[in-house]
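Asks: Okay, here's the prediction I keep looking at, along with the sequence it came from:
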Amino acid sequence: MANTFDITKEPIGIIGTGMMASGIATLYVRSGLNVCIGSRDPARGEQFAKQIKEHTKSSTNPCNIRSSSISEVIIECKIIFLAVPTMHKDENGDMVEGVLHLLKQHDKLIRGQNKILV
């Protein structure tokens, strides 16, 4: 039996809280889809979700946007947008390539799990 996915019920994951993530989240929330934001900083993720919710409250479609840890977003969401910086400092303060670093950190949660990464 094939895996099924109902985009109207399952959340779209967005990892990041910058300008690109803001545009993607706003688009999907205004479309009435559920969005889960993943951030390295839980307080920043929560604030980001509140800002998007406030910005889109006049939308005619009901929506749900919330924040979570990056790991929880990867586990819960089948479609995940990687809206992370090209370069950023890791937990040790070293400059790393954003997407590659994220993929290496969360490889076991992604590989073989039928995820769609954009």
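Replies: Here it is on my side, so go on. Quick caveat, the model's predicted, so the values are computed rather than measured.

Asks: hmm, who's touching stretch 95-106?
Replies: By Cβ atoms under 8 Å, 6 or more residues apart in numbering, the surrounding residues in contact with stretch 95-106 are 15, 70-71, 74, 82, 84-90, 110. For glycine as for every other residue, the C-beta is placed from the backbone atoms N, C-alpha and C.

Asks: Report the buried members of the residues you listed.
Replies: Neighbour counting by 16 or more other Cβ atoms under 10 Å classes Ile15, Ile70, Ile74, Leu82, Val84, Ile110 among the contacts of stretch 95-106 as buried.

Asks: now, which of the contacts of stretch 95-106 lie within strands?
Replies: Mapping those onto strands (DSSP state E) picks out Ile15, Leu82, Met87, His88, Lys89.

Asks: And the pLDDT for the first one?
Replies: What it means is Ile15. Looking at Ile15, its pLDDT reads 97.

Asks: about what we covered before: need the ones in strands among the contacts of stretch 95-106 in TSV with distance to Val29, can you?
Replies: Shown next, in TSV, are those (distance: Cβ to Cβ, whole Å):
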residue	distance to Val29
Ile15	16
Leu82	18
Met87	28
His88	25
Lys89	29
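
Asks: okay, among these, which ones form the most distant pair?
Replies: Leu82 and Lys89 (17.5 Å; Cβ to Cβ).

Asks: Name the next helix or strand downstream of the longest helix along the chain, please.
Replies: Determined from DSSP state H, the single longest helix within the chain is helix 42-55. Next helix or strand after helix 42-55 toward the C-terminus (DSSP states H and E): strand 64-68.

Asks: Any regions of the protein where pLDDT drops low?
Replies: 1-3, 62 (pLDDT under 70).

Asks: Pairing partners for the most centrally placed residue in it in the sheet, please.
Replies: Nearest residue to the geometric centre of the chain (Cα atoms, centre = their mean): Ile14, 1.6 Å. As for beta bridges, Ile14 partners with Ile37, Phe81 under DSSP bridges.

Asks: show me what contacts it?
Replies: Ala21, Ile24, Ala25, Tyr28, Val35, Cys36, Ile37, Gly38, Val73, Ile80, Phe81, Ala83.

Asks: which one of these is nearest Asn114?
Replies: Checking the contacts of Ile14 one by one against Asn114 (Cβ to Cβ), the nearest turns out to be Ile80, at 11.6 Å.
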